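[1] just need the structure, nothing else, for what follows:
(one chain, ligands or ions: 1)
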Amino acid sequence: MKPNIVILTGAGISQESGIKTFRDANGLWENHDIMEVASPQGWQQNPELVLEFYNQRRRQLHDVQPNAAHHAITRLQQHFPVQVITQNVDDLHERAGNQNVLHLHGELFKVRSDKNPELIYDWHNDLHLGDLAEDGTQLRPHIVWFGEPVPMITNAAELTAVADMFIIVGTGMAVYPAAGLVGYLPPFVPVYYIDPNPATITITNPVTIIREKAGTGLPKLVDQLIREY
Ligand code: APR
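    The predicted structure follows:
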């Protein structure tokens with residue numbers, strides 16, 4: 001039986017595509033305090049700034065491409081059942097052809113009603129004050145901000161609980177509840193962690209650290225897995 005592989009990705013997998021990670025930005029995200037642009041308080045205090053910030057991120061996303069790490073996942077999916085759980089709001093997994101992608105923290109190319117989290121729309125261009133959802137309320141980015149619930153975490157935990165192998169790529173493992181997903185792994189399930197500057201993770205599962213960038217480390221691991229199984 002082929003192992004059921006679950007891959008948890010963070011900002012590091014998109015770094016080589018030209019998207020900055022959070023940790024590397026030292027608490028400043030494209031020159032903004034993260035709480036100013038990624039919290040409900042920031043949204044209340046200065047919605048224009050928040051909209052402009054995400055408009056810039058959306059425009060940037062039109063200009064970047066998936067990299068070798070995203071493409072390696074597509075290759076892995078030709079040989080194994082693979083589920084991707086990403087903390088990223090970019091769509092580079094999808095554009096590389098990855099299937100089964102769960103976005104824990106929302107998606108940059110979606111917006112939603114400020115009042116009703118279920119009223120979600122595709123949105124590829126700038127979002128402005130006065131752009132309204134069908135319920136008549138302001139649209140906001142479909143992003144999980146700091147301090148907000150993470151509705152997809154239950155699905156992510158269920159998927160993690162049935163993994164036979166867990167691959168972590170490019171995440172500082174510092175933001176919960178995503179970082180706590182490893183706690184749902186069955187015992188003995190092997191974990192691979194690809195990151196040039198990995199965090200310490202305290203679990204009893206066997207962990208193999210691969211201190212490489214995603215664009216080199218992940219294709220190599222995929223080659224190895226295809227050879228071995
Ligand atoms: N390849 C692999 N890993 C890399 C690369 C690369 N080319 N470049 C950087 N990294 C690693 C860094 O060493 C770091 O461990 O990626 C990780 C990025 O960590 P963070 O910036 O903390 O990003 P992430 O873990 O995705 O953040 C989690 O925090 O701000 C919130 O909601 C946001 O989803 C985000 C969450």
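
[2] can you map out the helices along the protein?
    Per DSSP state H, the chain has helices spanning 12-15, 34-37, 40-45, 47-63, 68-77, 92-95, 153-161, 214-228. These are given in chain order.

[3] could you export these as JSON lines, including mean neighbour count?
    For glycine as for every other residue, the C-beta is placed from the backbone atoms N, C-alpha and C. Output for the helices of the chain, formatted as JSON lines (neighbours: other C-beta atoms under 10 Å):
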{"stretch": "helix 12-15", "mean neighbour count": "26"}
{"stretch": "helix 34-37", "mean neighbour count": "18"}
{"stretch": "helix 40-45", "mean neighbour count": "15"}
{"stretch": "helix 47-63", "mean neighbour count": "16"}
{"stretch": "helix 68-77", "mean neighbour count": "22"}
{"stretch": "helix 92-95", "mean neighbour count": "20"}
{"stretch": "helix 153-161", "mean neighbour count": "16"}
{"stretch": "helix 214-228", "mean neighbour count": "18"}
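
[4] nearest to L102, of the ones you listed?
    Closest approach to L102 among the helices of the chain is made by helix 153-161 (5.9 Å; C-beta to C-beta).

[5] mind checking the helices of the chain for the one nearest to the ligand?
    For those, the distance to the ligand is smallest for helix 12-15, at 2.4 Å, taking C-beta to the nearest ligand atom.

[6] packing partners for that closest one?
    Contact here means 3 or more C-beta pairs under 8 Å, 6 or more residues apart in numbering; DSSP states H and E; on that basis helix 12-15 packs against helix 214-228.

[7] for the helix it packs on, name the packing helices and strands.
    Under the contact criterion of 3+ C-beta pairs under 8 Å, 6+ apart, the helices and strands touching helix 214-228 comprise helix 12-15, helix 68-77, strand 165-169, strand 191-194, strand 207-210.

[8] and of the ones you listed, who's closest to V144?
    With C-beta to C-beta, the closest approach to V144 among the helices and strands packed on helix 214-228 belongs to helix 12-15: 17.0 Å.

[9] mind listing residues that contact that closest one?
    Residues external to helix 12-15 that are found in contact with it (C-beta atoms under 8 Å, 6 or more residues apart in numbering): 21, 24, 64, 67, 69-70, 86, 88, 90, 92, 169-171, 195-196, 213-214, 218.

[10] from the residues you listed, which would you call buried?
    For these, a neighbour count by 16 or more other C-beta atoms under 10 Å gives the buried set as 21, 67, 69-70, 86, 88, 90, 92, 169-171, 195, 213-214, 218.
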